[in-house]
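**Student:** Build the 3D model from these lines:
(one chain, ligands or ions: 2)
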Amino acid sequence: MISVSKNNIYKFYVFYGTFIDTPKLGQLRIRQNTSVGVCTDENSDKVGVIEFIKENSKNPLEDAKEFDPSLTDSDVAIVDYTHDAHSSIFFLPGFIDTHIHASQYPNAGIFGNSTLLDWLQTYTFPLEASLKDLETAQIVYDKIVRRTLANGTTTAAYYTTIDADSTKLMGRICSELGQRALVGKVCMDSCSPDFYVESTQESLESCEEVVNFLQEELNDPKVLPILTPRFAPSCSRELMKGLAATSRSKGHLHIQTHLSENEGEIDWVKSLFPECKSYTDVYDSCGLLHNRTVLAHCIHLSDEEAKTIQKRGSGISHCPISNSSITSGECRVRWLLDQGIDVGLGSDVSGGHACSILACARQALLVSRHLAMKEKEEHDKEHVKLTVADALYLATLGGARALAMDQTLGSFEVGKQFDTQLVDIESQGSNVDVFHWQKSNFSPLKSTVLAPPSIAQEDILAKWFFNGDDRNVIRVWVGGKLSHTL
Ligand code: GUN
Ligand code: FE
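**Tutor:** Ligands and ions are numbered 1, 2, ... in the order given. Prediction:
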């Protein structure tokens, strides 16, 4: 007898259509007429996992039955987007936001002419402190999770506030709304305003409380803890060492923090930790750098600092909208990638004003061109420029690698989770105008030298990359489950 779960009457889904991903930096893979089979049997340990991929498929149901002959027609749901022959609809891995402050969302767009240190005092700390009120936190956290899902973000590394209860609430909200998340209670025991600071002991204990809640009580494999020393100036050595010890003792829990964002900040760190060789060395000497550590910004690193990060296998979150908005600088992404450092994208709401990772990918591409303009040699100019494929890699697999989650996320491979957005370039109200002659199936009635050119799938993708937004994200699945519908 077939066991039918309450939530999903189908044991298996086959998604059928055009799949686009970036299996390597700079490589765009476009697979048309492709079947991707996903286990949706809640009783299976494979639930949410891609079980097969068949290119040039003619019959997705047959593909499923060939994969598992015990499946019957009624076990399998087919999600078919091949009927749209002009390729305006495609599946793309969900975006990964490697750095976002959920608590700062009400301030998105509000930063005036501030730079990091005055921005924190003027805008950020008062807002974060106010989220101790659970009703306020509920409104803000519910909104940011829904908004990022609507923009195609399937995984996010969140900062909340120093408050444990509202951080637990954030964990519950991510779980209920079906977003994969790393949820971090902010830890800060130094150089912080009286209304927004903890003692070292309070910080370590409330952090432990949140970790235990997420791991034991919430117990959703999609929602994991991440230890979050805010940045070196707001943390004592004792706190940072304590968090490093917690991470180690619990099997290398994820860690996130800020590094080398702003020149004033760097000078301040030098004066606070004169015994350390560099800002990076502050974290390294406390044991905070390992391969599940993600470091936001990393704009002004020395060669030696980059080498340390590479050696430790830590990832970097490039936050280009934030870096331009609060005038922090231009991160040398190609320089980092060339050294084998994993780089993903972060919205850094609300240093960044947009929670869309597509918007961040565009800004990453543009910032790389600003860096190119400063290069003297033609070859160097070309090299530092990020392409559309590079930027999409950063937004997906690059982010997964930066979070050490690339075994399960970031591209369409057998064994990975089906965390996916369905993009329709010509959805209702789309901001992307594709002219009929630009479609691949266009054949001009008469052949004339003046016939407007049709364009390749890559060009259609570029049109979406530069002009698209949440209006094009028509469905989002996380672990094979539908989490958003336009
Ligand atoms: N450095 C310390 N705290 C923050 C923050 O909230 N945002 C950014 N962008 N940088 C920080
Ligand atoms: Fe940040």
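
**Student:** List the contacts of Asp419.
**Tutor:** Applying Cβ atoms under 8 Å, 6 or more residues apart in numbering to Asp419 gives the contacts Pro93, Gly94, Thr154, Thr155, Arg180, Leu409, Trp477, Val478, Gly479. C-beta coordinates here come from the backbone N, C-alpha and C atoms, glycine included.

**Student:** Nearest to ligand 1 among those?
**Tutor:** Closest approach between those and ligand 1, by Cβ to the nearest ligand atom: Thr155, at 19.6 Å.

**Student:** That closest one reaches Leu403, doesn't it?
**Tutor:** Yes - with contact defined as Cβ atoms under 8 Å, Thr155 reaches Leu403; the gap is 7.4 Å.

**Student:** what do those two both touch?
**Tutor:** Shared contacts of Thr155 and Leu403, counting by Cβ under 8 Å, 6+ apart, come down to Ile96, Leu182, Leu409.

**Student:** quick check, distance from the host helix or strand of Ser322 to the centre of its chain.
**Tutor:** Under the criterion of DSSP states H and E, Ser322 resides in helix 320-325. Helix 320-325 has its C-alpha centroid displaced from the chain centroid by 16 Å (Cα atoms, centre = their mean, to the nearest Å).

**Student:** so what does it touch, helix or strand wise?
**Tutor:** Helices and strands touching helix 320-325, by 3 or more Cβ pairs under 8 Å, 6 or more residues apart in numbering; DSSP states H and E, are helix 357-374.

**Student:** anything in the helix it packs on near ligand 1?
**Tutor:** No - using Cβ under 6 Å from any ligand atom, helix 357-374 stays clear of ligand 1, with a minimum separation of 13.1 Å.

**Student:** Show me what secondary structure element comes after that helix.
**Tutor:** Next along from helix 357-374, by DSSP H and E: helix 378-384.

**Student:** ok, and what's touching the next helix or strand after the helix holding Ser322?
**Tutor:** Once the chain leaves helix 320-325, the next helix or strand it forms, by DSSP H and E, is helix 333-338. Outside of helix 333-338, the residues within contact range by Cβ under 8 Å, 6+ apart are 25, 298, 306, 316, 318, 343, 364, 367-368, 371, 383-386, 394.

**Student:** Share the number of residues neighbouring Leu301, please.
**Tutor:** Leu301 is flanked by 25 other residues according to other Cβ atoms under 10 Å.

**Student:** Would you confirm that Glu209 belongs to a strand?
**Tutor:** No - counting by DSSP: H, G, I helix; E, B strand; the rest coil, Glu209 is not part of a strand but helix.

**Student:** So for it, what's the nearest residue that isn't a sequence neighbour?
**Tutor:** Nearest residue to Glu209 in three dimensions, chain neighbours excluded: Ala164, at 5.2 Å (Cβ to Cβ, 6 or more residues apart in numbering).

**Student:** residues touching that neighbour, list them.
**Tutor:** Ala164 neighbours (Cβ under 8 Å, 6+ apart): Lys185, Ser206, Cys207, Glu209, Val210.

**Student:** List only those of those flagged as buried.
**Tutor:** By neighbour count, with 16 or more other Cβ atoms under 10 Å, these hold Lys185, Ser206, Cys207, Val210 as buried.

**Student:** Next secondary structure after the worst-scoring helix or strand of the chain on mean pLDDT?
**Tutor:** Here the helix or strand of the chain ranked lowest by mean pLDDT, DSSP states H and E is helix 457-467, holding a mean of 93. On the C-terminal side of helix 457-467, the closest following helix or strand by DSSP H and E is strand 473-478.

**Student:** Measure how the next helix or strand after that next one sits relative to strand 473-478, angle-wise.
**Tutor:** Next helix or strand after strand 473-478 toward the C-terminus (DSSP H and E): strand 481-485. Orientation of strand 481-485 against strand 473-478 (axes from the mean of the first three to the mean of the last three Cα atoms, to 10 degrees) gives an angle of 150 degrees.

**Student:** near ligand 1, which residues of the stretch 1-150 of the chain?
**Tutor:** Contact residues (Cβ under 6 Å from any ligand atom) of the stretch 1-150 of the chain with ligand 1: His101, Leu116, Leu120, Thr124.

**Student:** How much space separates the closest residue to ligand 1 within the stretch 351-486 of the chain from Glu458?
**Tutor:** Residue nearest to ligand 1 within the stretch 351-486 of the chain: Gly351 (3.3 Å; Cβ to the nearest ligand atom). Remark: distance between Gly351 and Glu458 (Cβ to Cβ, to the nearest Å) = 32 Å.

**Student:** which of these two has more neighbours?
**Tutor:** The neighbour count for Gly351 versus Glu458, taken as other Cβ under 10 Å, is higher for Gly351 (31 against 13).

**Student:** Which residues are in contact with that one?
**Tutor:** Counting by Cβ under 8 Å, 6+ apart, Gly351 has contacts His101, Gln104, Phe111, Leu116, Trp119, Cys319, Ser322, Ser325, Ile326, Ser328.

**Student:** Identify the spatial nearest neighbour of the fifth one, chain neighbours not counted.
**Tutor:** The shortest distance from Trp119 to any residue that is not its chain neighbour, by Cβ to Cβ, 6+ apart, is 5.4 Å, and that residue is Ile326.
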